[in-house]
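Asker: Just a sequence and a predicted model for now, questions to come.
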Amino acid sequence: MRILFIVGKFPLLSETFILNQITGLIDRGHEVDIYAASSVNNSAVHSDIEKYYLLDRTYYRSSIPRGRLLRLLKGLTLAAANGFKEPATLLRSLNVVKYGKSAASMSLLYEAIPLVGRSSYDIIHCHFGPNGNRGRLLRDFGFLEGKLITTFHGFDITKLLRKQGKNIYDRLFDTGDIFLPISKRWRDLLIELGCDEKKIVVHRMGVDCKKFAFKPRQLPKNSKVRFVSIARFVEKKGLEYGIRAVAKLARVNKNIEYSIVGDGPLKRHLQDLSMELGVTDTVHMVGSKPQHQVIKILNKAHILVAPSVTTKVGNQEGIPVVLMEGMAMGLPIVSTQHSGIPELIENGVSGFLVPERNIDALFDKLHYLVKRPEIWPKMGRHGRKCVQERYDINKLNDRLVEIYQRLLK
């Protein structure tokens, strides 16, 4: 099969779940291209980017100047340089009478130009709702061919709906071929928004259990209990509440440390909070790390903390892949009753779930686990079994191929 992935930024270190699908399909003998809205200026990239030569398979939407005159001049230059390949296609993108605002702003032209000469695919797989709308627009206007699939993750059907309205996907629901929410929670919301239930298949994100080796967690004598969080420094990750709960725990137990792996706009705020709470010796922010270094950090940790919250504007997680990674490696989890997380973590079995933003509840469960290291191995084994059975990327990629094949039939 020829498959096109339509994504936002690429390669994005935090979106290994998309990368795992792409490389899994290549391993299965399929031809995969990637069409991204923009590139990422980051020296730290996943090793699979080079291993699979993914940048050679990637092409990017032309950047659109803000000024109207610059936009016009650049657009005409691009059209002149590429028009000899498919002149009718590019002229069609400028048809204001037929395509209205998309043509008048030239956004359709900028989207269409990178597709000139490579528009025919069996499958067009869009990750996140806005990219589904991009794919729908390009296919409906004849710039792409193929069955249109959209995966919904989280912000695209929470925060974005509040910002742009509940009808932003109406046309996508009408013309899209199939929709793959990553949780039952999002499936129910898609139905509520008016998507045809027959077009919906829950298809979860997953991890390669071979890369995340299981190790029963034990506490050697005179060793500190090591908590870890791996997340972008944004509100929905709830890191502030993790820091506050650990700070409270540090008042009664000095034998702990908390490593936070990641970066983002709230970094300064979280650093200031750690200083304010007097826990800079306990809380360590180690920056973003590539996957092989993340695995080393997880391997040394005892408990994974993921205090996810619904943001003030309604943004939510899907099911954080790092939870699957930690569970696959045998880490007990302390997380929240948030979005699809309860579909992954069985409360009291593979970890503990507490209400969002509840510092006291987080503290209680962290304190409970610190005092009972003898239960860590059993929790870890339950977590590993759950990921192997339901979230193994190799099984999920086989199933994804079956979904594609059924759609083509």
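Answerer: That came through, no problem. Numbers count the residues shown, from 1 in each chain.
Asker: Could you spell out which stretches of this structure belong to which domain?
Answerer: What automatic domain parsing lists as the domains of the chain is 2-206+393-408, 225-390.
Asker: Could you give the average pLDDT over stretch 360-378?
Answerer: Averaging pLDDT along stretch 360-378 gives 98.
Asker: Not counting sequence-adjacent ones, nearest residue to Val279?
Answerer: Ala247 (4.6 Å; CB to CB, 6 or more residues apart in numbering). All C-beta atoms are positioned from the backbone trio N, CA, C, and that covers glycine.
Asker: Am I right that the one you found falls within a helix?
Answerer: Yes: residue assignment for Ala247, taken from DSSP: H, G, I helix; E, B strand; the rest coil, places it within a helix.
Asker: Could you pull up the contacting residues of Gln218?
Answerer: Neighbour list for Gln218: 373, 376-377 [criterion: CB atoms under 8 Å, 6 or more residues apart in numbering].
Asker: And for His382?
Answerer: Listed by CB under 8 Å, 6+ apart, the contact set of His382 reads 346, 349-350.
Asker: quick one: which of those residues is most hemmed in?
Answerer: Ser350 (24 neighbours; other CB atoms under 10 Å).
Asker: Confirm for me that it is in contact with Cys386.
Answerer: Yes: at 5.9 Å, Ser350 and Cys386 qualify as touching, with contact defined as CB atoms under 8 Å.
Asker: Spit out the residues that contact these two alike.
Answerer: Met327.
Asker: about what we covered before: pull out the buried residues from the contacts of Gln218.
Answerer: Buried members of those, counted by 16 or more other CB atoms under 10 Å: 373, 376.
Asker: just to revisit the earlier point, any idea of the pLDDT on the residue nearest to Val279?
Answerer: For Ala247, the model assigns a pLDDT of 98.
Asker: what do you get for the one 5 residues further on?
Answerer: Model confidence at Val252, given as pLDDT, is 96.
Asker: next one: the one 10 residues further on
Answerer: As predicted, Gly262 sits at a pLDDT of 95.
Asker: my guess is it contacts Gly242, does it?
Answerer: No: at 11.6 Å, Gly262 does not count as touching Gly242 under the criterion of CB under 8 Å.
Asker: List the residues that contact Trp376.
Answerer: Taking CB under 8 Å, 6+ apart, one finds 216-219, 302-303, 332, 369 in contact with Trp376.
Asker: Check Asp398 too.
Answerer: Asp398 is in contact with Arg28, counting by CB under 8 Å, 6+ apart.
Asker: Please identify the helix or strand for it.
Answerer: Using DSSP states H and E, Asp398 sits within helix 393-408.
Asker: Check Met285 too.
Answerer: According to DSSP H and E, Met285 maps onto strand 283-287.
Asker: between the helix or strand following that strand and strand 283-287, how many degrees?
Answerer: Per DSSP H and E, strand 283-287 leads on to helix 291-300 as the next helix or strand towards the C-terminus. Relative orientation of helix 291-300 versus strand 283-287 (axes from the mean of the first three to the mean of the last three CA atoms, to 10 degrees): 160 degrees.
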